[in-house]
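structure for this input, please:
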Amino acid sequence: MANTIKVALAGAGAFGIKHLDGIKNIDGVEVVSLVGRRFDQTKEVADKYGIKHVSTELSDSLKLPEVGAVILCTPTQMHAAQAIDCLKAGKHVQVEIPLADSLKDAQQVVELQKETGLVAMCGHTRRFNPSHQFVHKKIKAGEFHIQQMDVQTYFFRRTNMNALGQPRSWTDHLLWHHAAHTVDLFAYQAGSPIVKANAVQGPIHPNLGIAMDMSIQLKAANGAICTLSLSFNNDGPLGTFFRYIGDTGTYIARYDDLVNGKEEKIDVSKVDVSMNGIELQDREFFAAIREGREPNASVAQVLPCYQVLHDLDEQLAKG
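Numbering: from 1, shown residues only. The predicted model follows:
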């Protein structure tokens, strides 16, 4: 394809590989540069996916004139600064969730995107999972209105491991990462901004320096409410489970699976062109670049989520 979008991907860990697998299914897109913390491990992944350029520095990839877009799957603490570097280099950018670990940094990314006019998107994958898309289409059609969402985000991470069970070089965070998924999804599905938020957290882990358990309550302007429970102490089942309680029924979403309140399976295989939420997220990113439009989950669209996280962070800091 003559107008192939050539991509640099930073972060060759668990989520970087998910993106590489998704991009294989998208026509007219080629990953030409891979960035990772350890050169040998990164080259091993690059060789597997036929990627020629390998580096331990994002700046090397940004210097490549053929690179038009960047996907950042790097540690949370690097997201905002790296997104800014990409935009300043004239590259479209998709940042894995979260956009930043502070409101100020998130705002700076949004401001620079407006200045450059480039596509800048954040990986709020729940907007793209077919299970949640199914519910969203019901809401947009006026067939379902959320009264309450009950969400459980549970993992077992008492040591610093990634999704593949490999040691991490950085510490994950229940509020600034995992809660971001639900805070954004609740406002998106409710079609109404969050006007009230409350949080409590458990003890701080002596080694990881983070709270391992947290509970969050949200209320939207239209009256819908959300209760979110998060834990890194839960020894299975693992993952995030969403219960939508509405005026015309109940839906339970477990990643890409969806059932009704009676646990009867709902077929979501025809909701979109893939059942892979990461692939669908990437498809939206590249489509927005080609069409010169704002993507779903643009940095501007998700910024209100980070305002809520900021407010909750301040509340938790006060004890």
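
state the distance from residue 180 to residue 281.
Counting by C-beta to C-beta, to the nearest Å, the gap between residue 180 and residue 281 amounts to 14 Å. C-beta here means a position set from N, CA and C on the backbone, and glycine is covered the same way.

meant to ask about residue 226, not that
Noted for residue 226: a distance of 22 Å to residue 281, by C-beta to C-beta.

just residue 210 next, same as before
Distance from residue 210 to residue 281, by C-beta to C-beta: 26 Å.

more neighbours, those two?
residue 281 (28 against 18; other C-beta atoms under 10 Å).

per-residue pLDDT, the more buried one?
Note for residue 281: predicted pLDDT of 97.

which element is it on?
helix 277-291 (DSSP states H and E).

show me the chain divided up by domain.
Structural domains assigned to the chain are 5-125+277-297, 130-271, following the TED database.

out of those, deepest packed?
Each of the domains of the chain was given a mean neighbour count from mean count of other C-beta atoms under 10 Å, and the largest, a mean of 20, is that of domain 5-125+277-297.

can you pull the contacts of the residue nearest to residue 307 when sequence neighbours are not counted?
Spatial nearest neighbour of residue 307, chain neighbours left out: residue 103 (6.0 Å); criterion: C-beta to C-beta, 6 or more residues apart in numbering. Neighbouring residues of residue 103 by C-beta atoms under 8 Å, 6 or more residues apart in numbering: 306-307, 309-310.

in helices only, show me those.
Judged by DSSP state H, the contacts of residue 103 include 306-307, 309-310 as members of helices.

among those residues, which pair sits farthest apart?
Farthest-apart pair in the ones in helices among the contacts of residue 103 is 307 and 309; separation 7.4 Å (C-beta to C-beta).

out of those two, which sits in the busier spot?
The neighbour count for residue 307 versus residue 309, taken as other C-beta under 10 Å, is higher for residue 309 (28 against 16).

wait, doesn't the more buried one sit right on residue 176?
Yes. At 6.0 Å, residue 309 counts as touching residue 176 under the criterion of C-beta atoms under 8 Å.

show me the common contact partners of the two, please.
residue 98.

need the domains of the chain in JSON lines (columns: distance to residue 319).
As requested, the domains of the chain are exported to JSON lines (distance: least, C-beta to C-beta, whole Å):
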{"stretch": "domain 5-125+277-297", "distance to residue 319": "20"}
{"stretch": "domain 130-271", "distance to residue 319": "10"}
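
give me phi/psi at the nearest residue to residue 250 once chain neighbours are set aside?
Leaving aside its chain neighbours, residue 250 sits nearest to residue 261 (3.2 Å; criterion: C-beta to C-beta, 6+ apart). The phi/psi pair for residue 261 (degrees, to the nearest 10) reads phi -60, psi -20.

is it true that residue 172 lies in a helix?
No. Per DSSP: H, G, I helix; E, B strand; the rest coil, residue 172 lies outside any helix segment and is coil.

now the residue nearest to it when sequence neighbours are not counted: how far from residue 100?
Of all residues not flanking residue 172 in the chain, residue 157 sits nearest, at 6.9 Å (C-beta to C-beta, 6+ apart). The spacing between residue 157 and residue 100, counted by C-beta to C-beta, is 22 Å.

next: residue 33.
24 Å.

the strands in the protein, which residues?
Remark: strands assigned in the chain by DSSP state E are 5-10, 29-35, 53-55, 69-72, 92-96, 120-123, 146-154, 194-201, 213-220, 225-231, 239-246, 250-254, 257-260, 265-266.

including mean pLDDT and distance to residue 296, could these go into a markdown table?
What follows is these, written out as a markdown table (pLDDT from 0 to 100; distance: least, C-beta to C-beta, whole Å):
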| stretch | mean pLDDT | distance to residue 296 |
| --- | --- | --- |
| strand 5-10 | 98 | 18 |
| strand 29-35 | 98 | 18 |
| strand 53-55 | 98 | 30 |
| strand 69-72 | 98 | 16 |
| strand 92-96 | 98 | 12 |
| strand 120-123 | 98 | 8 |
| strand 146-154 | 97 | 19 |
| strand 194-201 | 98 | 18 |
| strand 213-220 | 97 | 19 |
| strand 225-231 | 97 | 20 |
| strand 239-246 | 96 | 18 |
| strand 250-254 | 96 | 18 |
| strand 257-260 | 96 | 19 |
| strand 265-266 | 98 | 22 |
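
pLDDT value on the nearest residue to residue 126 once chain neighbours are set aside, please?
In space, and not counting its chain neighbours, residue 126 is closest to residue 185: 4.3 Å by C-beta to C-beta, 6+ apart. Listed pLDDT for residue 185 reads 98.

same check, this time on residue 156
Residue 156 is given a pLDDT of 84.
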